[in-house]
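Undergrad: Return atomic coordinates for the entry below.
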Amino acid sequence: MECYGGVLTRKDTGGPELTFGNGEAAFELIEQIANRRGFGDLLAEGVMRASRRIGRGAEEYAIHARGQELLMHEPKLKYALGVGYATSLTGADHCHSMHDTKFTSAAGIASWKALGILEPVELRNLGPNEMRLATYVMNREHCMNSLVICRFLRRDVLAQLPHPVGDFRCFLAGEERERRGRGCAGSESAIIVTTSMCLTA
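TA: As a prediction, this is how the structure comes out:
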């Protein structure tokens, strides 16, 4: 819709007028994307690919990180989340990144004190405290995501699962979780680099 009237015209869209506030056009476009027909077939490729194919400056409007569109979590308030989007191996991945608003109180950082996080974070700030916590959170998420389990299970349930599938006590301890998370992140990087080299060879 930001492109419409400048970069895009009705001729490009094949009919729908993509002006802000036009709910009917938005619903029509969702149908087109889901069924890969009309202009929706192009948009179904995602904003990065679609904007490249459209050209004419459309890439300036394509909001993504490594091809992954930003979801409902916006980094204008959560600066550390923005750093996570920029550095995550999977792009704008809110499941790998720190949500600043969760750590602005003493209760929010209570479980991180063992790793030296003693003060709540400040919103819209990328100071040393915020960046250290963001690194710890991202490492924890790498660790937890590598376990291939439902991330919505409660911690007390996880701790009761049998070994080796469920020996999560070591993962729930800060330093060990941090160490394993760094290892997971390193492994993911190595796999991506190796795969990229194979694909370009």
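
Undergrad: Helix or strand with the lowest mean pLDDT in this structure?
TA: Ranked by mean pLDDT, DSSP states H and E, the weakest helix or strand in the chain is helix 169-172, scoring a mean of 49.

Undergrad: What are the boundaries of the helices in this protein?
TA: Per DSSP state H, the chain carries helices over the ranges 10-13, 23-35, 39-43, 47-54, 79-87, 106-109, 128-145, 155-160, 169-172, 174-200.

Undergrad: As TSV, the ones you listed with distance to residue 60 and mean neighbour count would be great.
TA: (Glycine included, C-beta is placed from N, CA and C.) Shown next, in TSV, are the helices of the chain (distance: least, C-beta to C-beta, whole Å; neighbours: other C-beta atoms under 10 Å):
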stretch	distance to residue 60	mean neighbour count
helix 10-13	16	14
helix 23-35	20	14
helix 39-43	17	18
helix 47-54	8	16
helix 79-87	18	21
helix 106-109	36	14
helix 128-145	28	20
helix 155-160	44	12
helix 169-172	42	15
helix 174-200	26	13
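
Undergrad: rank those by mean pLDDT and give me the bottom one.
TA: Across the helices of the chain, helix 169-172 has the smallest mean pLDDT, namely a mean of 49.

Undergrad: that older thread, of all the helices of the chain, which one is nearest residue 100?
TA: helix 79-87 (5.0 Å; C-beta to C-beta).

Undergrad: so who does the nearest residue to residue 42 once chain neighbours are set aside touch?
TA: Excluding its sequence neighbours, the residue lying closest to residue 42 (C-beta to C-beta, 6 or more residues apart in numbering) is residue 50, at 5.2 Å. Contacts for residue 50 (C-beta atoms under 8 Å, 6 or more residues apart in numbering) come out as 42-43, 58, 62.

Undergrad: Same question for residue 87.
TA: Applying C-beta under 8 Å, 6+ apart, we find residue 87 in contact with residue 138.

Undergrad: how much space between it and residue 139?
TA: Per C-beta to C-beta, to the nearest Å, residue 87 is found 12 Å from residue 139.

Undergrad: Just the pLDDT for the residue most central in space within the chain.
TA: Centre of the chain computed as the mean C-alpha position; nearest residue by C-alpha atoms, centre = their mean is residue 93, 1.1 Å away. On pLDDT, residue 93 comes in at 85.

Undergrad: Kindly report the same for the one 4 residues further on.
TA: The predicted local distance difference test score for residue 97 is 88.

Undergrad: got the contact list for the nearest residue to it once chain neighbours are set aside?
TA: Once flanking residues are discounted, residue 97 sits nearest to residue 84: 2.5 Å by C-beta to C-beta, 6+ apart. By C-beta under 8 Å, 6+ apart, residue 84 lies in contact with 93-94, 96-98, 134, 138.
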